[in-house]
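Engineer: Generate a structure from the sequence data that follows.
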Amino acid sequence: MLVSKNRVQRHFLRSKSGGVLKSALALLTVLSAGGVLGWMLLMPGAVQLEIETRTGFPATAESMAVNPIGGLSLEGKKLVIGNPGTYGGGDAMLEIESITGSASLPSLGRGEIWLYELEMHITRATLVVNESGRLNLDAFASRLFSDPVKGTQLPFFAEKVRLVVDEVVFVDNSKIVPSRHAIRASLDSERADLEESKEIFAPLFDLARSVGSLPVR
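Structural biologist: The predicted structure follows:
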């Protein structure tokens, strides 16, 4: 997909939207973790706060390490993205055992997200459709890399993404009689050249439709 990548690179070079702080905080939330500013290293709670502020989904992490030298790399352990009250609360949406990634610092300075690689190991994902028919993961992913003021998606490109998922729970509260069932997913997906941030979670969206029979938009 060399042509596609070159086209995206040209778009990124032309774009001038966003500031360094806003962009760095956007990267902090990648599924949701990480950061670039030095004070973030001293206040790891800022990671969880930024995720919740951007998405409305609460977050906690056991550990988070960020290295801005020679680019931007991050490593997190036991990151948990909770379900807000609009999705019934209860079980966490994503229980992430580990997350690692690296990104372009120059792109962040232009208000863009360019990931060199991202890898997440999710031990359990609880996908919930609320009474209005909205999937929790869709709401979360849509807000993760969006401009909090304009509501538009930030320019995004990911060269390599690996998603490992052990278990998935499907909950449909849009039915007259709510349904719930779980599967052992054993999912291990690796994809390249993603041009939309929601594609990070594409394998989970596919499972929600095909296996969970959830009314995913």
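Engineer: Show me which helix or strand of this structure is least confident by mean pLDDT.
Structural biologist: Of all the helices and strands that make up the chain, helix 38-42 has the lowest average by mean pLDDT, DSSP states H and E, namely a mean of 40.
Engineer: Please export the C-alpha coordinates of the helix or strand harbouring I96 as CSV.
Structural biologist: Here I96 is covered by strand 94-103, with elements defined by DSSP states H and E. In CSV, the C-alpha atoms belonging to strand 94-103 read as follows (Å, rounded to 0.1, in the frame of the first residue of the first chain):
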residue,chain,number,x,y,z
LEU,A,94,-11.6,-3.2,27.9
GLU,A,95,-9.3,-5.0,30.2
ILE,A,96,-5.9,-4.4,28.5
GLU,A,97,-3.1,-6.6,29.9
SER,A,98,-0.4,-4.7,28.0
ILE,A,99,-0.1,-1.9,25.4
THR,A,100,3.1,-0.9,23.5
GLY,A,101,3.5,1.6,20.7
SER,A,102,5.6,4.2,19.0
ALA,A,103,4.7,7.4,17.1
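Engineer: tell me which strands and helices it is in contact with?
Structural biologist: When contacts are defined as 3 or more C-beta pairs under 8 Å, 6 or more residues apart in numbering; DSSP states H and E, strand 94-103 sits against strand 72-81, strand 113-129. In short, each C-beta sits where N, CA and C put it, glycine included.
Engineer: Which strands or helices does the first one pack on?
Structural biologist: In other words, strand 72-81. Using 3+ C-beta pairs under 8 Å, 6+ apart as the contact criterion, the elements in contact with strand 72-81 are strand 59-67, strand 94-103.
Engineer: now for the ones you listed, which one comes closest to V177?
Structural biologist: Each of the helices and strands packed on strand 72-81 has some distance to V177 by C-beta to C-beta; the shortest is strand 94-103, at 26.2 Å.
Engineer: Check which element follows the closest one along the chain.
Structural biologist: Taking DSSP H and E as the definition, the helix or strand right after strand 94-103 is helix 105-109.
Engineer: Next one: L154 relative to S107, how far apart?
Structural biologist: Counting by C-beta to C-beta, to the nearest Å, the separation of L154 from S107 is 10 Å.
Engineer: Same check on D188?
Structural biologist: When distance is defined by C-beta to C-beta, D188 is 28 Å away from S107.
Engineer: The two - which one has more neighbours?
Structural biologist: Each of D188 and S107 has its neighbours counted (other C-beta atoms under 10 Å); S107 has more, 24 against 12.
Engineer: Off-centre distance for stretch 183-199?
Structural biologist: Taking C-alpha atoms, centre = their mean, to the nearest Å, the mean C-alpha location of stretch 183-199 is offset from the chain mean by 11 Å.
Engineer: Mind listing what's buried along it?
Structural biologist: Neighbour counts using 16 or more other C-beta atoms under 10 Å place 185, 187, 194, 197-199 of stretch 183-199 among the buried residues.
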